[in-house]
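Q: give the three-dimensional model of this entry:
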Amino acid sequence: MQYQRKIQILGTMIIILSVTLLSSFIFNPEARSVRQATGVLLDPKKIQNITKIEIKGPTKSALTFIKRTGLWYAIRDGKEYPVKNERIGDFLKPFSKPSFLPQRASSAQTHERLGLGTASASRVTFWGEDTEKPVLDMYFGSMDATGKEIYFRFSDSDSVKSIEDRFSSYIQSSPQSWYDLRIFPQSGNQGMKPELIQRIIWTLDSNVGFSISRSGPANWVGKEDNLEGKELDTNKIDTFLQDLINATGDDFTEITNQSAKVNQVTITAELGDGRTKKVTIRSDPETKSHWATSSDTPYTYTLSEWQYNRLVKERNYFIKSEK
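A: Sure thing, here's the model as predicted:
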């Protein structure tokens, strides 16, 4: 009897505690507000239909991206340039991810203090397919005291909320960080692998400079002048092939205001599947500027001095040094 009584008392206590905890959650305003503060910035279904993005910082020109035939392009000076589609996808993900969105203020008078004034906020706008009205139009402001959350508001509301900051690295980045500046894009049928390259030719100002050709899976021979009969450094060649495949520009540009003397080097890669790849590099010795055009794209790229030196080689460079 005493054992059964203890069981009854214990069961009653469990029931009372359960009811108390449930009641505190249901009727506690703070618990309700936490539940209501969880949400998304944009419906995931609408994310999939976005075809235009605009990011405008307080001191920078607007970045505009449009989606065409499944690929994203940047609009600059009325022209379209390719961008990194993976970066666009990573930027969009947090907008549809469930997050804690606590309200921080409700008055427009707080906007300047929280970095949401017109002179300090960054504006992000999305448009959907065949829609003139934005599906999302919002402002991002300052970071909160913890440095982990960023203040934001929607354009049609004075209410200020905060969210874990997964946005600043995108909205504050340079235009070039979005561009796909690969001189030889590797998507689709454009891909190029080192083992496919059979011959490399360097042409200097329309005159053939020198070339190296594959004589086996891991062997190369040189042509022209002092490369004939010389043993070549396969490690240097392998490194060059990777540099050629992965070559990138610093920015897109148009060649203007060249000096009278512009040097030109064309590097031609002949592939085993019959394709030919070319990159032509022009250099202005007066300004020490370099530009590149590619057989694979219609764009002109600026090249850094570092990238230029990775591609333009003297014929002696590939001769194996005697130990």
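Q: going forward, measure contacts between C-alpha atoms and count neighbours the same way
A: Noted.
Q: gap between stretch 112-123 and the chain center?
A: Between the centre of stretch 112-123 and the centre of its chain there are 25 Å (C-alpha atoms, centre = their mean, to the nearest Å).
Q: which helix or strand contains the closest residue to Ala74 other than its chain neighbours?
A: The shortest distance from Ala74 to any non-neighbouring residue, by C-alpha to C-alpha, 6 or more residues apart in numbering, is to Phe65 (4.5 Å). Using DSSP states H and E, Phe65 falls within strand 63-68.
Q: mind listing what's buried in that strand?
A: Leu63, Thr64, Phe65, Ile66, Lys67 (16 or more other C-alpha atoms under 10 Å).
Q: go on, stretch 191-207?
A: Met192, Ile197, Gln198, Arg199, Ile200, Ile201, Trp202, Thr203, Leu204.
Q: could you do stretch 230-247 as well?
A: Neighbour counts over stretch 230-247 (16+ other C-alpha under 10 Å) mark Glu231, Leu232, Asp233, Thr234, Ile237, Phe240, Leu241, Leu244, Ile245, Ala247 as buried.
Q: and the least confident of those?
A: Per-residue confidence across these is lowest for Glu231, with 89 (pLDDT).
Q: just to check, it is in contact with Asn219?
A: No: assessed by C-alpha atoms under 8 Å, Glu231 is found out of contact with Asn219, at 9.3 Å.
Q: what residues go with each domain of the protein?
A: Domain assignment for the chain by automatic domain parsing gives 40-177, 188-318.
Q: now do the shortest one: distance from first to last residue.
A: Terminal residues of domain 188-318 lie 31 Å apart, using C-alpha to C-alpha, to the nearest Å.
Q: worst-scoring helix or strand of the chain, pLDDT-wise?
A: helix 29-36 (a mean of 44; mean pLDDT, DSSP states H and E).
Q: next structured bit after it?
A: strand 38-39.
Q: how far out from the middle of the chain is that following strand?
A: 27 Å.
Q: and the contacts of stretch 167-183?
A: Identification of contacts with stretch 167-183 by C-alpha atoms under 8 Å, 6 or more residues apart in numbering yields 55-57, 63, 74, 81-84, 87-88, 91, 94, 122, 246-252, 279, 293-294, 296-297, 301.
Q: pLDDT below threshold where in the stretch 51-200 of the chain?
A: Applying pLDDT under 70 to the stretch 51-200 of the chain flags no residue at all.
Q: which residues in it form strands?
A: 63-68, 71-76, 79-82, 99-100, 103-105, 122-128, 136-143, 149-154, 160-164, 197-204 (DSSP state E, counting those that start in this stretch).
Q: and the first one with strand 122-128, angle?
A: Direction vectors for strand 63-68 and strand 122-128, defined by axes from the mean of the first three to the mean of the last three C-alpha atoms, to 10 degrees, enclose an angle of 10 degrees.
Q: and strand 63-68 with strand 71-76, angle?
A: Using the same axes, to 10 degrees: strand 63-68 against strand 71-76 is 140 degrees.
Q: thinking again about what came up before, closest to Gly128 out of the buried residues of stretch 230-247?
A: Of all the buried residues of stretch 230-247, Gly128 sits closest to Ala247, with 34.5 Å by C-alpha to C-alpha.
Q: the closest one reaches Asn309, doesn't it?
A: No: with contact defined as C-alpha under 8 Å, Ala247 does not count as touching Asn309 (11.2 Å).
Q: touching, Ile50 and Glu129? I think so.
A: Yes: Ile50 is in contact with Glu129 according to C-alpha under 8 Å; the separation is 6.2 Å.
Q: of those two, give the one with the bigger neighbour count.
A: Ile50 (20 against 13; other C-alpha atoms under 10 Å).
Q: beta partners for the closest residue to Lys223 other than its chain neighbours?
A: Computed as C-alpha to C-alpha, 6+ apart, the closest residue to Lys223 that is not its neighbour in sequence is Ser211, at 5.4 Å. Counting by DSSP bridges, Ser211 is bridged to Ile201, Lys223.
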